[in-house]
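Visitor: Starting from these lines, generate the structure:
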Amino acid sequence: MDDTTVNMSTPLTDCAAECRVFADEWEEKGDAVGATAMRVSAESTQQLQGATSNGTPEDLVSARQRAALKVLAPLGLTRDELYAVVNLAGERTTAELKGLDYEKVSAALVNCARYRCGEDVSAALTVMSLLEVMWPDVVMEVSAEVRRYAPAPVSVGTLVTT
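Guide: Presented below is the predicted three-dimensional model:
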């Protein structure tokens, strides 16, 4: 294993479960902010694991790009900045799917931001920083989208016979 990957010996599903246990413990101790952060981490891990195990990484990339637009568009970004957001969200998700550690994901984002925003490095870093700050909202928006479009459970009492 080289220094650009995370040790994946612990299955992602176990990591997500551990995050949820920590979240519950922290919630009980009165740390709602820490508990929320752990729940977001668990959700992100579960999304990555699902996309990896089902062979649908492109779907996760697209979902996170849509979510990033939905979350950041109300901030009044320009068209070019929103285009950079889409690209950066895709780059970040792709790097996470490859199992890159946080530092390598950050380096990939900086390179992508500079490439997408050209010579305006401050604009590139501003867009990247906004996306980073709002990333938990992006992750949770993907989960909300999944719930919105999930098929409604059908009970025997709701079936209509003719």
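Visitor: dump the residue contacts of V61.
Guide: A89, G90, T93, T94, L97 (CB atoms under 8 Å, 6 or more residues apart in numbering). (C-beta placed from N, C-alpha, C; glycine too.)
Visitor: now, which of those sits nearest S129?
Guide: A89 (13.7 Å; CB to CB).
Visitor: which non-adjacent residue is nearest the closest one?
Guide: Spatial nearest neighbour of A89, chain neighbours left out: A68 (3.7 Å); criterion: CB to CB, 6 or more residues apart in numbering.
Visitor: what about the one you found, distance to G30?
Guide: For A68, the distance to G30 (CB to CB, to the nearest Å) stands at 32 Å.
Visitor: same thing with A124?
Guide: 39 Å.
Visitor: again with E43
Guide: For E43, the distance to G30 - CB to CB - is 22 Å.
Visitor: Check A152 too.
Guide: A152 is 36 Å from G30, by CB to CB.
Visitor: wait, what's in contact with the most centrally placed residue in the chain?
Guide: In the chain, the centroid-proximal residue (CA atoms, centre = their mean) is V139; its distance is 3.7 Å. Contacts for V139 (CB under 8 Å, 6+ apart) come out as V40, E43, S44, Q47, R64, A67.
Visitor: rerun that using 7 Å as the cut-off
Guide: Taking CB atoms under 7 Å, 6 or more residues apart in numbering, we find V139 in contact with V40, E43, S44, Q47.
Visitor: where does this protein dip in pLDDT?
Guide: 1-13, 116-119, 154-162 (pLDDT under 70).
Visitor: so where's the longest helix in it?
Guide: helix 121-149 (DSSP state H).
Visitor: For it, buried residues please.
Guide: Buried residues in helix 121-149, counted by 16 or more other CB atoms under 10 Å: 123-124, 126-128, 130-131, 134-143.
Visitor: do stretch 86-99 as well
Guide: 86-97, 99.
Visitor: quick one: it to chain centroid distance?
Guide: Taking CA atoms, centre = their mean, to the nearest Å, one finds the center of stretch 86-99 at 9 Å from the center of the full chain.
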